[in-house]
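**Q** below is the sequence, then the predicted model.
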Amino acid sequence: AGLNHTMTKRVLLGLPLALLCAYPAAVDAFAPPKSSALHVALTADRRQDVALFASPAATSNVVLAGKIAPALSKFALNSKMMSKIGAALKKQTNIVDLMFIALVGWASQPVVRFVYEKFFEKWRKKDWDDTYMHHTWKVISEAARIASIVYAIDCLDIILTEMGIKLAITYNFGSITASVAYTVWAAKKVAKWKQMYLKRAIRKSEGGNKQGRFFLFNRFGDVIISIVAILAISDKLHLSKSVAFGRFFALGSVGTLALSLAAKGIAEQFVGGLALSTTDKFFEGDMILLGDGTSGKVIRLGWMSIDLRKSDETIMRIPNSQISNQRITNLSRARLSQVTQTLRVKYTDAEKIPNLLTDIKGQVQQDCPKLITDGSRPCRVHFKEFRDDHIEIGVDFRFRVPVVGDGYHQNKEACNVAIAKAMNKNKVQFALPTAFNYELMLNDYGHLERDEYGDIGEMDGTTN
């Protein structure tokens, strides 16, 4: 049994090998003659299949296989390649150009400054940093430094082109660098000059919160300058604005519909922020009062929301869509303030009221020099009416003091102290509100009873 099992195993393993070895001979034995038409047709089909698998189209699906070594071989520098690169650099560059650009960019400004301070500063009596020559030469120096960088990129482009790098052959790195670098540099210069002009203009203008106005105008100026710079770069690089921007605006029109359906709240907040930013209702740093009673200081004015710091130091973030539909009172722009009081005087002091009214106005005018008394604003102290338990006097003063800040509270305190001085001078007492004293007690039946004015009588089980 063991012998039969071993023989069977050997036969099963050797049979496929024998068939594989006999297959070519069998094919040749049963194949048609080479001169026949069938043999020619089969051979043509076989060659076509081999050509199909060996064609470049069949191997184009690979990502890295066989592509790394050819790419790295382009960077292998030999003596022949070095000579070729050196000849190209010598033909297309000039060392004098590079030396002149480097001299203007890095060495000229210190030399010009030394000459000015040595020979012209005593005559001009002006610091070098404050002269127009300094700013002009600084611009020239920065332009020359950018030119030196572009020159270096040109040299790199020449080297890569001679090495056969397709990217360098297709694109002009020097032109791209010059277009982008000089446009960005010019945009930054314009933004800086814009910032200086805004500071000077807002400093000379009237109105409060100049810092908030500067922030708003400066931000919008930066947005406009950035858009112009992007358009200028795309034009210099010969980008197809018709295609690129056409797709952008097409996406914008489709996005508008999607935004209105899927993100209506976000769109409302953005539009509300845009409306608040383009108007001068308030700026960062202003104290505002909203129509719903919310008040505080604006510490951040964003495109989607604002941050309001309330009097208890809590920060409230309010979406712009909720603010744009409310009435807004900008307290920081109020240059005048009001102090009103209602005085309660006893009936026993009724005869002293005429002198009291005169003394109140005089004392407030003496202690509060910013009281408005020219008739342009109310300045009233009047006997208003009789009440059940007191005589009511109304006080209404206006001051040239802003309603925001410690100055308002200090002025209001001085006004109240002046009123108290006038009351003491005329020996007039305030009438306190009439109060009822309620005492709760249990009667004999366990019920709560109330005895007014503190007069506790004998409890007989009835309700008083």
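**A** It's in. It should be emphasised that the depicted structure is a prediction, and the values quoted were computed from it without experimental measurement.
**Q** below-threshold pLDDT in the chain: ranges please.
**A** For the chain, applying pLDDT under 70 flags the ranges 1-63, 66, 71, 73-77, 206-213, 239-275, 277-279, 434-464.
**Q** and the strands in the stretch 351-464 of the chain?
**A** 380-386, 391-399, 438-442, 448-452 (DSSP state E, counting those that start in this stretch).
**Q** please apply the same query to the chain.
**A** Along the chain, the stretches classed as strands by DSSP state E are 287-290, 295-301, 305-309, 315-319, 328-330, 337-345, 380-386, 391-399, 438-442, 448-452.
**Q** other residues contacting the shortest one?
**A** Identification of contacts with strand 328-330 by Cβ atoms under 8 Å, 6 or more residues apart in numbering yields 281, 282, 286, 287, 288, 289, 290, 291. C-beta: built from backbone N, CA, C; applies to glycine.
**Q** any idea how far residue 368 is from the fourth one?
**A** Look at residue 287 and residue 368: by Cβ to Cβ, to the nearest Å, they are 22 Å apart.
**Q** out of those two, which sits in the more crowded spot?
**A** residue 287 (23 against 20; other Cβ atoms under 10 Å).
**Q** run through the bridge partners of the more buried one.
**A** residue 297 (DSSP bridges).
**Q** that one reaches residue 331, doesn't it?
**A** Yes: shown here, residue 287 and residue 331 form a contact pair, counting by Cβ atoms under 8 Å, at 4.3 Å.
**Q** overlap in contacts of those two?
**A** 295, 404.
**Q** find the nearest non-adjacent residue to residue 385, please.
**A** residue 392 (5.4 Å; Cβ to Cβ, 6 or more residues apart in numbering).
**Q** which residues are in contact with stretch 225-238?
**A** 176, 179, 180, 183, 184, 186, 187, 190, 191, 194, 241, 244.
**Q** from the residues you listed, which is closest to residue 65?
**A** Checking the contacts of stretch 225-238 against residue 65 by Cβ to Cβ gives residue 176 as the nearest, at 32.1 Å.
**Q** am I right that the residue nearest to residue 385 is in contact with residue 347?
**A** No: counting by Cβ under 8 Å, residue 392 stays clear of residue 347, with 11.4 Å between them.
**Q** who's more crowded, these two?
**A** residue 392 (15 against 11).
**Q** Produce a ChimeraX select command limited to the buried residues of the contacts of stretch 225-238.
**A** In ChimeraX, this line selects whichever of the contacts of stretch 225-238 come out buried by 16 or more other Cβ atoms under 10 Å:
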select :176,179,183,186,187,190,191,194
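**Q** which members of the contacts of stretch 225-238 occur in helices, if any?
**A** 176, 179, 180, 183, 184, 186, 187, 190, 191, 194, 241, 244 (DSSP state H).
**Q** against residue 173, how distant is the closest residue to residue 151 other than its chain neighbours?
**A** Leaving aside its chain neighbours, residue 151 sits nearest to residue 98 (5.7 Å; criterion: Cβ to Cβ, 6+ apart). For residue 98, the distance to residue 173 equals 17 Å [Cβ to Cβ].
**Q** now residue 107
**A** Distance of residue 107 to residue 173, computed by Cβ to Cβ: 27 Å.
**Q** more crowded one of those two?
**A** Counted by other Cβ under 10 Å, residue 107 and residue 173 do not tie: residue 173 has more neighbours, with 17 against 12.
**Q** go ahead and confirm that one touches residue 156.
**A** Yes: Residue 173 lies in contact with residue 156 (Cβ under 8 Å); the separation is 6.7 Å.
**Q** who touches both of these two?
**A** Contacts common to residue 173 and residue 156, judged by Cβ under 8 Å, 6+ apart, are absent.
**Q** what residues are up against residue 178?
**A** 146, 150.
**Q** tell me the spacing between it and residue 147.
**A** 8 Å.
**Q** equivalent analysis for residue 128, please.
**A** 24 Å.
**Q** for those two, indicate the residue with more neighbours.
**A** residue 147 (20 against 16).
**Q** residues in contact with the more buried one?
**A** Residue 147 neighbours (Cβ under 8 Å, 6+ apart): 101, 105.
**Q** skip the chain neighbours and tell me the closest residue to residue 146.
**A** residue 181 (5.0 Å).
**Q** count of neighbours near the one you found?
**A** Count around residue 181 with other Cβ under 10 Å applied: 17.
**Q** so it sits right up against residue 151, yeah?
**A** No: contact criterion Cβ under 8 Å: residue 181 and residue 151 do not qualify, at 11.7 Å.
**Q** export stretch 154-173 as CSV, just CAs?
**A** What follows is stretch 154-173, C-alpha atoms only, in CSV (Å, rounded to 0.1, in the frame of the first residue of the first chain):
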residue,chain,number,x,y,z
ASP,A,154,17.1,83.7,-14.8
CYS,A,155,20.5,82.0,-14.3
LEU,A,156,18.7,79.0,-12.7
ASP,A,157,16.3,78.9,-15.6
ILE,A,158,19.2,78.8,-18.1
ILE,A,159,20.9,75.9,-16.2
LEU,A,160,17.6,73.8,-16.0
THR,A,161,16.9,74.5,-19.7
GLU,A,162,20.4,73.2,-20.7
MET,A,163,19.8,70.1,-18.5
GLY,A,164,16.7,69.3,-20.4
ILE,A,165,14.1,69.9,-17.7
LYS,A,166,10.8,70.2,-19.4
LEU,A,167,9.3,72.6,-16.9
ALA,A,168,12.1,75.1,-17.5
ILE,A,169,11.8,74.7,-21.2
THR,A,170,8.0,75.3,-21.1
TYR,A,171,7.9,78.2,-18.7
ASN,A,172,10.0,81.3,-18.3
PHE,A,173,10.8,81.4,-14.6
